[in-house]
Every structure is written in structure tokens, then in C-alpha cells.
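J.: Sequence and predicted model, in that order:
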Amino acid sequence: MNRLPTSAILGVLLCICWAPVFSAEHDVEAGRSSPRSVRSIGTEFQLLVDDVLIGRKSGVVRQVHACQKLAKPVIVPETPWEWKGDDQRIYVYGSAIRDESTGRFRLWYNRNDLVLYATSPDGLKWTRPELGLREFEGSTANNIVFSQFHSPSVVFNPREADPAKRYNMLGYGRASGRGYHVAHSADGLRWELYPKNPVLSSGDTCTLALDPKTGEYLAFHKRYGTHRGQKRRLVYLATSRDMQEWSEPELVMAPDTVDDQRVQAEGGLFSQFYNMSVFPCGGQFLGLVTHFRYTGPPPEKGPLQSSHDGPIDVQLVHSRDGRVWHRLEDRSAVIPNGPHVYDAGCILGVSNFPVVVGDEIWFYYTAITTTHGGYVPKKRITIALAKWRREGFVSLAAGEEEGVIETVPLACSGDRLTINADASGGRINVAVLDAEGRPLPGYDSTDCIPLEADAVRHAVQWKEHERLPSDGPLRLRFHLKNAKLFSYAVAD
């Protein structure tokens, strides 16, 4: 039985990024951290996703970075339960986990209402084990682990006291009436429905997440509602401590006027959000929102198609608590459509948890050749892989003119500064200041040994110091020229 170690969960918390764009000098406004207030930080990497820890900055621009893709999908329909005639479709609304003890990847995905399971030694070449658990057309020689669940989203909880409930799954089902259902498992293979089902009304796509601070389960799920005069797909959140009793769902992600204006500028009607994958990262939360640029009914009619058409790509959002969410001013897609044919029309769903592989972070996603209203056999649905550098969604970047980023006073629990940055075309120097902004002797930017390379984990040093001073709060001032800063950490 493969169980994800706690270290794997904690390791993923050192990940990614968001924030608005500024190019002129900027001081933190009221409602965010006062430049004089002291903020305590842990040892995790601090993401440059907002201005909460920034006292001032000048000469830098926040940039969104799209993923890197492979030339082909990593999993395509192959079995009779995945491929019926011209209808080829498999989805990964679900989950990917890497077992640190074995290094193997585990993936839960689906076809219609069947929950399927695959494993891989490297995350690229996948095997469908014959599990003998569920029958399909008279045989159990298949990789089916559960049925009557659409959009299955799996979370492994190492803190769960009951071993039979270490794995939890949320999905849209009809076993006990239409709605979102929940199930539990000891090993991720043998699943059992909870006594109370369904736990949430409505249905279709969903993502289950776990709040590492509170221990709550977070169910981000799609509901239809009238928003700003249009009936739309919207993202709601309900929370639970036991997977049985859930809070009243609240709207947490909805399109705004900027979204609609951009869709209309492309010839569409209005914007919708299909779903949102949420994961803890760097002491906060990041979300991958599938943005449906709705164009109306499909212009061509064919078999097995939706009556709603339009392309879907993925944008990044962020939250400090997992409940209140914020958009970027730069709304560039982090998983765009194309350039390959396999995802030229839609990215319909994204796995609910990242997998860290060396210096990269991986997400699996549902790739569709056509727009949402495409029809079979033109529409082919597969599972693809998106890659970023660690903390690589967003950076603060400076050009030929030097840029400066200065933090608010920080109470640090460690004494070694590490940065994730690309200075291969320039340099980054770091100065250390006291809480009032006065330079500390031996820690000026001119004392810093500059970073002049591309490094995901670069230990910052000064001519006479390898460690930060330990007497009281301090500020960090980053000086950038032709460089990008993705994140920083202060650890032992």
C-alpha cells in the first residue's frame, strides 16, 4: 500500500506565485501591511504574489509565466472503458500524488462516471494496473477503482486519525440522489461511500483541497447562478472537518467586467468559470481557474456535443486564507490553448495538487482538441502535462534600469537567505536593513556576492557573512538588473 509521507505534503508547500503589476515606485497602501509593521514568516519560500510583505518597490514589473508543454499528451484513451467507437475521452479533474518512499506517481482520473487509476515511475509513462476491484462488461481485469463518480478529486490526509479515511474523494454522483458525493479509502484503491450522501447539491465539476493550518476540507465546486445579469458557471466553496457536515456554499470566484470585455473583444458573449483547482503553497493558497470564453451555441452540429461553445484556458488566482480570492491585473493564461493540436480548444480540468519533480512543478490537465461545443470524432479528450520551475508562475522583473524590492520588517525563524531567481542576463544583489530601514554594517548591496546565473535555490552570501543577523526584525532589499525574482526563503 502506497501512502504519501508527510514530508511530501510539506515539500509541495514550497511552491509558486501571483500579484498586480507596478512599474513605478510603490508604497504599501492602507489595508495591506504597514511598512513599519513586523510580519513573522516561516521557513517556506515566500511567493511574490501580492504586496503583503512588500514595503516598497520600484523599477520592477510583475510577469505571469505560462507553462511548458510536451509535444504529446501523457495518457490517451486505450481501453474499452475509455474508448467507445469514435468517442475518445478521459479526464483528469482528479489528482496526482508522488509517493516519496517509492518515487512512483499515482493518478486518479475518469471516463464518464468511472474512477480510474494509473501509476508511473517517472510521471510520463503510465501503466493501468489490472486491479480486480470493479467489473466492466463481465471482467474485473481493469483499472477501475470506483463508479458513479464524475469529476473525482482525491486528497491524502496524513493527519487523519482513522486509517480508513486517510484518502478522501469528492465527486458528482447519483448513488444517493444527484449531487456531490464523498467517499473514503485506506489505500486510494478500495473506496467506500460515507454514510451521508450527497453532501452538497448541484453537480458537475469540483476540486477537493485540504487546509494544512486548520485541517478543514475545502470543496470548490461548480454551480450555475445569475451573476451581473447573465446565467453563468461559477465557483463556490463549502468547508468541512469530517467530510460529512459542510458549511453553506459561498460564491468565491466569478467573472468581472474585465473578463466580459475581453471575451467580447474576441467576438464572444461573456465569461464563465468552469472550475478551480486549489492547493496550499508557500503558506497561502493558489488557484488554477478554467476560464470559459463563452461564444454561444456551436456553429456546427454533430454527435456527442455540448450546446454551449467557446474556448477554455487556465488563469492563476491567489488567496491568503483559501476563502477570499484575488485576481491578477495581468490575466495571461498560465495554461494557454495550443500550440499543439491536442489542447488547442479547451483545458477543461486541472489536477488538484502539484507534483514537485526536481526543480520543476508539474500539473496534469484535461486537454481537448476542439472548443467546448465540438463534436466527435473531431473532439478528442486526453491527459496532458504542464510544467513550471518551482515558484515559477509569476516573477518580479527588472530591465536595464535597476529595480528595487524592499520587504516590510520580517521576524525570521531562520538565518540563511535563499532566492529563486533568473539573473543569467544580469545580476541580483541583496542588502539587509534593520526594521527602520537603516543598512546594517557588512550587509549592504555592495557587500553582497551577486547572483549572475539562473538558480532555483541560490544561497545568498555577503563578503564577510554567510548568515543573516539574528538580533531583531530585519528588512530585505533586492536590487535587480536584467533579472527576475520568483521567491525567497529564510531558513536554518
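T.: Received it, and whenever you're ready, just let me know what you need. Just so you know, these numbers come straight off a predicted model, no measurement behind them.

J.: Retrieve the pLDDT associated with Asn2.
T.: Confidence at Asn2, expressed as pLDDT, is 41.

J.: I meant to write Phe22 there.
T.: 30.

J.: now the residue nearest to Thr43 when sequence neighbours are not counted: how far from Val432?
T.: Closest residue to Thr43 apart from its sequence neighbours, by CB to CB, 6 or more residues apart in numbering: Ala491 at 3.9 Å. To be clear about C-beta, it is placed using only N, CA and C from the backbone, and glycine gets the same treatment. According to CB to CB, to the nearest Å, Ala491 and Val432 sit 16 Å apart.

J.: who's more crowded, these two?
T.: Neighbour count, other CB atoms under 10 Å: between Ala491 and Val432, Val432 has more, with 23 against 15.

J.: gap between the more buried one and Asp444?
T.: Taken as CB to CB, the span from Val432 to Asp444 is 8 Å.

J.: same thing with Ser307?
T.: Applying CB to CB to Ser307 and Asp444 gives a distance of 64 Å.

J.: And Glu192, by the same measure?
T.: 62 Å.

J.: Looking at the two, which has the bigger crowd around it?
T.: The neighbour comparison of Glu192 against Asp444 (other CB under 10 Å) goes to Asp444, with 17 against 12.

J.: which residues sit in contact with that one?
T.: Each residue near Asp444 by CB atoms under 8 Å, 6 or more residues apart in numbering is listed here: Ala431.

J.: Shouldn't it be within a strand?
T.: No - assigned with DSSP: H, G, I helix; E, B strand; the rest coil, Asp444 falls outside any strand and is coil.

J.: quick one: it and Asp434, what's the gap?
T.: Asp444 is 13 Å from Asp434, by CB to CB.

J.: Equivalent analysis for Ser202, please.
T.: Taken as CB to CB, the span from Ser202 to Asp434 is 53 Å.

J.: Going along the chain, name the strands of the stretch 251-400 of the chain.
T.: 270-281, 284-294, 312-319, 346-350, 355-357, 360-368, 381-389, 394-398 (DSSP state E, counting those that start in this stretch).

J.: how about those strands in JSON lines, adding mean pLDDT?
T.: Below are those laid out as JSON lines (pLDDT from 0 to 100):
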{"stretch": "strand 270-281", "mean pLDDT": "95"}
{"stretch": "strand 284-294", "mean pLDDT": "96"}
{"stretch": "strand 312-319", "mean pLDDT": "97"}
{"stretch": "strand 346-350", "mean pLDDT": "95"}
{"stretch": "strand 355-357", "mean pLDDT": "95"}
{"stretch": "strand 360-368", "mean pLDDT": "97"}
{"stretch": "strand 381-389", "mean pLDDT": "98"}
{"stretch": "strand 394-398", "mean pLDDT": "96"}
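
J.: out of the ones you listed, which comes closest to Pro121?
T.: Closest of the strands of the stretch 251-400 of the chain to Pro121 is strand 355-357, at 11.9 Å (criterion: CB to CB).

J.: burial of Pro280, as a residue count?
T.: Using other CB under 10 Å: Pro280 sits among 22 other residues.

J.: Next, count neighbours for the closest residue to it other than its chain neighbours.
T.: Distance criterion CB to CB, 6+ apart; nearest residue to Pro280, sequence neighbours excluded, is Pro212 at 5.2 Å. The tally of other residues near Pro212 (other CB under 10 Å) stands at 17.

J.: Could you check how far Pro212 is from Gly322?
T.: Counting by CB to CB - Pro212 and Gly322 are separated by 10 Å.

J.: joint contacts of these two?
T.: Joint contacts of Pro212 and Gly322 (CB under 8 Å, 6+ apart) are Pro280.

J.: so who does Met253 touch?
T.: 234-235, 273, 276, 287, 289, 317, 325.

J.: again with Thr366
T.: 91-93, 346-350, 381-384.

J.: Could you export stretch 187-199 as PDB, CA atoms only?
T.: The C-alpha trace of stretch 187-199 is given here as PDB (Å, rounded to 0.1, in the frame of the first residue of the first chain):
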ATOM      1  CA  ASP A 187      -5.100   3.000   0.300                       C
ATOM      2  CA  GLY A 188      -6.600   5.000  -2.500                       C
ATOM      3  CA  LEU A 189      -7.900   1.900  -4.300                       C
ATOM      4  CA  ARG A 190     -10.700   0.400  -2.200                       C
ATOM      5  CA  TRP A 191     -13.300   3.100  -1.700                       C
ATOM      6  CA  GLU A 192     -16.400   3.200   0.400                       C
ATOM      7  CA  LEU A 193     -19.100   5.900   0.400                       C
ATOM      8  CA  TYR A 194     -19.600   7.900   3.600                       C
ATOM      9  CA  PRO A 195     -23.000   7.300   5.300                       C
ATOM     10  CA  LYS A 196     -24.300  10.700   4.500                       C
ATOM     11  CA  ASN A 197     -24.600  11.400   0.700                       C
ATOM     12  CA  PRO A 198     -25.000  13.600  -1.200                       C
ATOM     13  CA  VAL A 199     -23.300  16.300   0.900                       C
END
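
J.: Can you point out the buried residues in it?
T.: Using 16 or more other CB atoms under 10 Å as the test for burial, stretch 187-199 gives 188-189, 191, 193-194, 197-199.
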